[in-house]
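1. Predicted coordinates and the sequence they were generated for:
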Amino acid sequence: MKQFFIALFGILLLSSCNKQEEKKPVAKKEVPAKTESKEFEMYEMSEMATLMEQMYVDNQRLKERIKNGDTIGKFPSHFLEIHKSAMTDESENDAFFKKQAEVFIKSQQLIYEDPKNAKEHFNAGVSACVACHQVKCAGPIPRIKKLFIE
């Protein structure tokens with residue numbers, strides 16, 4: 001009888017190890033058919049946006065030169081393109097923008113003409129940028145404010 005129970009126990013043990021999990025059918029999700037095909041469009045910056053990005057980089061370098069007491073160099077003539085660069089929205093190129101652009105250019109030129117007061121002229125130029133952007137496009141203001149020389 002003892003052998004019978006050992007054999008029965010062995011069969012149960014082996015049969016329990018061979019159980020396979022029942023696979024449940026996975027419901028497929030229906031994906032709605034595309035009604036329209038949208039093409040990816042690469043954003044292209046306007047001439048003015050590109051110029052402003054370049055002016056920002058130039059002013060970062062100028063800020064470091066002023067802070068370190070290095071030579072200022074020459075006024076970057078491409079800054080004058082601010083008067084004729086195409087904007088994303090041409091209606092933004094109004095009297096207010098033209099006035100602020102002139103204040104900015106004058107401040108920038110004074111940095112190179114009067115290097116003794118370069119810090120004040122530089123900060124005046126940055127202030128002109130902030131003043132214009134408060135009216136036209138506020139997005140870059142926090143970034144522009146980082147240019148101020150303390």
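-> Noted; the coordinates are in hand. Numbers count the residues shown, from 1 in each chain.
2. Show me which positions of stretch 120-132 end up buried.
-> 121-132 (16 or more other C-beta atoms under 10 Å). (C-beta placed from N, C-alpha, C; glycine too.)
3. try stretch 67-84
-> 76, 79, 82.
4. low-confidence ranges in the protein?
-> Within the chain, the stretches with pLDDT under 70 are 1-2, 4-5, 7-37.
5. how about a cut-off of 80?
-> In the predicted model, the chain carries pLDDT under 80 at residues 1-41, 43.
6. Out of the buried residues of stretch 67-84, which comes closest to residue 42?
-> Taking C-beta to C-beta as the measure, residue 42 lies nearest residue 82 of these, at 25.0 Å.
7. which residue packs closest to the closest one, ignoring adjacent ones?
-> residue 101 (4.7 Å; C-beta to C-beta, 6 or more residues apart in numbering).
8. Mind telling me what element that neighbour is part of?
-> helix 95-113 (DSSP states H and E).
9. name the helices or strands packed onto that helix?
-> helix 118-135 (3 or more C-beta pairs under 8 Å, 6 or more residues apart in numbering; DSSP states H and E).
10. Tell me the spacing between residue 54 and residue 81.
-> Residue 54 sits 9 Å away from residue 81, going by C-beta to C-beta, to the nearest Å.
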